[in-house]
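Student: starting from these lines, generate the structure:
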Amino acid sequence: MYGPFQKARHALRGGAALVLALLLCAAVPANAAGVTADGTDRTASARMLVPVGHTVGIKLFARGVMVVKAPESGTPADDCGLRTGDIIVKCGGVSVTSSEQFQSLLQENGETATDLQVRREGESMTLSVSPEQNDTGTYCIGAWIRDSMAGIGTMTYYDPEDGSFGALGHGITDSDTGILMPFASGSLLPSAVKAVKKGASGEAGELRGDFDLTGDLGDLSANTSSGIFGTLDPGEFTERLGDAIPVASAGEVHTGPAAILANVEGDAVKEYDIEIIQIVEDAADSRDLVIAVTDPELLSITGGIVQGMSGSPILQDGKFAGAVTHVLLNDPSKGYGILMETMLEAGDPAASSVT
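Tutor: Residues are numbered from 1 along each chain as shown. Down below sits the predicted model:
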């Protein structure tokens, strides 16, 4: 579900960082055909995945830097035609890797007109900008930029066969522009829930917690509109995860009782009752399912669905049906979910179908 995602340059330095909820996404290729431990032919059965439901810290670095606020009139950025949402990928022919490095490139070029290679809505273009000195003598172009995001969210699944994972069920978008952050690199960090802001009508709640910056759980490989994906490192975290269960095909998921796995207190993952109240045909942006929290315990703790629960696995009839993605602001007991089949297809549409 959507919520503020903090600028990572400040959140990623020093010790553990207190963060709010998060938005994220990525895609993992489906497993090759093979035989499972119980002898089942994987080509003739549903993909087997471990539903996780534990919060994780997430840090993501963008490919280039994003313009997050419309340049003011009369600034070099405005004069050269930069717009909100543009991704600056090169400056003077040099690849841009961070906000700090981009500023250094501007200082090196001074007032000399410099070519900026920009990506706008998937198209590449070149703009020429002439930096100006501010009151402190620093060369600037007058654009607000961002290169990274950080926060906490929920891991959806883990595949013990290849170590891959998926989380969030939606992408990590820039908090100012709402645009999917262009992915360069990222990682997962251990996290635990320290407090919960309970949701109320008109105001989304959120999970609040620390994440440990001293050691990564794994690496991200993609940020997509259907979730974030990557690979976990073998270790204590993976050893504590449960057993794999079959993924439900889209046709097997139905209205009626279901459950979610969520981590809303400390380090504990618990199962809570929900109801799938509608299957949305031809849905877009991770809203395949309309769900309602019915579990009295979860309602008393969170008020329903809160930011940071994005990615919580949805289970139905002993199968992995999907993941929580959004909350309805006017009724936090209700929200949306993505079908697991849809989430998997984000990585490899040809190979990730389930039977």
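Student: buried ones in stretch 321-339?
Tutor: 321-328, 331-339 (16 or more other CB atoms under 10 Å). Every C-beta, even on glycine, is put in place using the N, C-alpha and C of the backbone.
Student: what about residue 330, distance to residue 199?
Tutor: According to CB to CB, to the nearest Å, residue 330 stands 11 Å off from residue 199.
Student: my error: substitute residue 56 in the last question.
Tutor: For residue 56 relative to residue 199 (CB to CB), the value is 21 Å.
Student: quick one, helices of this structure?
Tutor: In the chain, the helices defined using DSSP state H lie at 8-11, 76-80, 99-109, 236-239, 296-302, 340-345.
Student: who's in contact with the closest residue to residue 143 other than its chain neighbours?
Tutor: Distances taken as CB to CB, 6 or more residues apart in numbering place residue 77 nearest to residue 143, at 3.9 Å, with adjacent residues excluded. The contact partners of residue 77, by CB atoms under 8 Å, 6 or more residues apart in numbering, come to 67, 71, 129, 141, 142, 143.
Student: which one of those residues is nearest to residue 176?
Tutor: residue 67 (9.7 Å; CB to CB).
Student: surely that closest one touches residue 141?
Tutor: No - here residue 67 lies out of contact with residue 141, judged by CB atoms under 8 Å, at a distance of 9.8 Å.
Student: which neighbours do the two share?
Tutor: With contacts taken as CB under 8 Å, 6+ apart, residue 67 and residue 141 have 77, 82 as neighbours in common.
Student: quick one: the strands in the stretch 51-200 of the chain?
Tutor: 55-69, 87-91, 94-95, 114-120, 123-129, 132-133, 139-140, 144-158, 164-167, 183-197 (DSSP state E, counting those that start in this stretch).
Student: looking at the ones you listed, which is buried most?
Tutor: strand 164-167 (a mean of 28; mean count of other CB atoms under 10 Å).
Student: give me the sheet partners of that strand and which way each runs.
Tutor: According to DSSP bridges, strand 164-167 forms sheet pairs with strand 144-158 (antiparallel), strand 227-232 (antiparallel).
Student: quick check: residue 143 touching residue 67?
Tutor: Yes - counting by CB under 8 Å, residue 143 does reach residue 67; the two are 5.1 Å apart.
Student: quickly list what's touching both of the two.
Tutor: Common neighbours of residue 143 and residue 67 (CB under 8 Å, 6+ apart) are 77, 82.
Student: low-confidence ranges, the stretch 1-150 of the chain, go.
Tutor: For the stretch 1-150 of the chain, applying pLDDT under 70 flags the ranges 1-45.
Student: at 90 what do you get?
Tutor: Residues of the stretch 1-150 of the chain meeting the criterion pLDDT under 90: 1-46, 69-72, 109, 121-122, 135, 149-150.
Student: quick one: contacts for the closest residue to residue 194 other than its chain neighbours?
Tutor: Excluding the flanking residues, the one nearest residue 194 by CB to CB, 6+ apart is residue 209, at 4.8 Å. By CB under 8 Å, 6+ apart, residue 209 lies in contact with 18, 19, 55, 152, 191, 192, 193, 194, 195, 308.
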